[in-house]
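Chemist: Dropping the sequence and predicted coords here.
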Amino acid sequence: MSDNQNNEQGARTPDPRENARRILKIVALVLAAWFLSRGIIGLLVPPVEEHPAQQRQMSVAAHRGGSALFPENTMYAFRRSAEMGVDILEMDLHLTKDGRIVVIHDETVFRTTDGEGRVEDLTLSRLRSLDAGYWWPYGQKEDCEACSQIPEEEFVYRGTGIRIPLLEEVLAEFPDMMKILEIKPVNPQMVTILGELLREYDQQEHAVVASFHSENLKQFRDQFPEFATSAAQSEATAFVILNYLGFGSSYPSPAEFFQVPPSSGALPVITKSFLQTAEENNIRVHAWTIDDRAEMTRLLDMGIDGIITDDPAELLDLLGR
């Protein structure tokens, strides 16, 4: 046989059908491994054990007590929202200089009160002397020249006696209402004080503890395992990624609740798949912070467990309550 004939045989084009069959086999093996691993991991990771707090009605959560309607994080706001018929009071927590937990969102008192300073640097006595309705509904901005242009009569709650509340006040007045309690700073001392207060006021079935910081929640869960918690930002992110990859059912959730926005940038967070997988894992999902009626409707139609809103009156009206 000549060299030319050998070269021609060696350069023979492979059969396209053989290539296609080879590719299909590889794809089939990959898919089989994917489905098998999902099933095995899913069996190894059971759903979250049901918590008594998950059995409560949770459709309407008043964000900061309903900050679009009332001075945020105040007893006045909590009372008015409770009278309206909300299911949950959502609030933010900080620790004072003298070791008391107060209900306020910011790390300073600048935006919402007539005072200045960081909450952690102020005593309870000083904080209680401040007017917590002073800047509602606008909030004080850094550009105080602009603030000064707003007519005085628009600040309808100034001088009406609204104060920064102690957490104990909220627990004592609303013992049986569901509460979402967000720990704002990373503070081990505060985590311990919060858990002891919740035990003292028998809040095991009425409280969900939340924080953006996983270290707060890890400590709280270790010390006070009888309470329900919401996923930290990093924990919820892990679930979202796993769910997009098809492994959401294998997520070993340390939390009974997800409280998440509908999207993060261009990435949708709350999808039908997200809600379905969360339900399979026995995790309740709350969307925040939703003030638009059309968006409320969309999320309710998807089957969301609850909505955290600055305007609970709008959501209650939508639900016909």
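Modeler: Noted; the coordinates are in hand. This is a predicted model, so every value here is computed, not measured.
Chemist: can you map out the helices along the stretch 1-150 of the chain?
Modeler: Assigned by DSSP state H, counting those that start in this stretch, the stretch 1-150 of the chain shows helices spanning 3-10, 16-44, 75-84, 124-128, 144-147.
Chemist: The longest one - what's its average pLDDT?
Modeler: To tie it back to what came earlier, the one meant is helix 16-44. Taken as a whole, helix 16-44 carries a mean pLDDT of 55.
Chemist: what do you get for the last one?
Modeler: For helix 144-147, the mean pLDDT works out to 80.
Chemist: Distance of the closest residue to Ala68 other than its chain neighbours relative to Ala77?
Modeler: In space, and not counting its chain neighbours, Ala68 is closest to Asp310: 3.9 Å by CB to CB, 6 or more residues apart in numbering. Quick note: C-beta positions are derived from backbone N, CA and C, even for glycine. Computed as CB to CB, to the nearest Å, the Asp310 to Ala77 distance reads 10 Å.
Chemist: what's the answer for Asp131, then?
Modeler: 14 Å.
Chemist: between those two, which one's more packed in?
Modeler: Using other CB atoms under 10 Å, the more surrounded residue of Asp131 and Ala77 is Ala77, with 26 against 22.
Chemist: So which residue is dead centre in the chain?
Modeler: Gln259 (2.7 Å; CA atoms, centre = their mean).
Chemist: Not including adjacent chain positions, what is the nearest residue to Met75?
Modeler: The nearest residue in space to Met75 (CB to CB, 6+ apart) is Pro165, at 4.9 Å.
Chemist: Could you check how many residues crowd around Glu142?
Modeler: Glu142: 8 neighbours (other CB under 10 Å).
Chemist: for Arg79, same thing?
Modeler: Arg79 has 15 nearby residues by other CB under 10 Å.
Chemist: give the contact list for the residue nearest to it when sequence neighbours are not counted.
Modeler: In this structure, Arg79 finds its nearest non-sequential neighbour in Glu173, 7.7 Å apart by CB to CB, 6+ apart. Contacts for Glu173 (CB atoms under 8 Å, 6 or more residues apart in numbering) come out as Met75, Phe78, Arg79.
Chemist: now the last one: how far from Glu169?
Modeler: If I follow you right, that is Arg79. On the measure of CB to CB, Arg79 and Glu169 end up 11 Å apart.
Chemist: got it, and the second one?
Modeler: Plainly put, Phe78 is 9 Å away from Glu169 if you go by CB to CB.
Chemist: neighbour count winner among the two?
Modeler: Phe78 (27 against 14).
Chemist: Leaving out sequence neighbours, find the closest residue to that one.
Modeler: Gly65 (4.8 Å).
Chemist: Do I have it right that that neighbour meets Met91?
Modeler: Yes: using CB atoms under 8 Å, Gly65 is in contact with Met91, at 6.7 Å.
Chemist: Those two: which is more packed in?
Modeler: Gly65 (28 against 24).
Chemist: Show the pLDDT at that one.
Modeler: So Gly65 comes in at 98 (pLDDT).
Chemist: ok, now which ones touch it?
Modeler: Glu72, Asn73, Thr74, Ala77, Phe78, Arg80, Ser81, Leu89, Glu90, Met91.
Chemist: From those residues, pick the one nearest Val60.
Modeler: When those are compared for distance to Val60 (CB to CB), Ser81 wins out at 8.9 Å.
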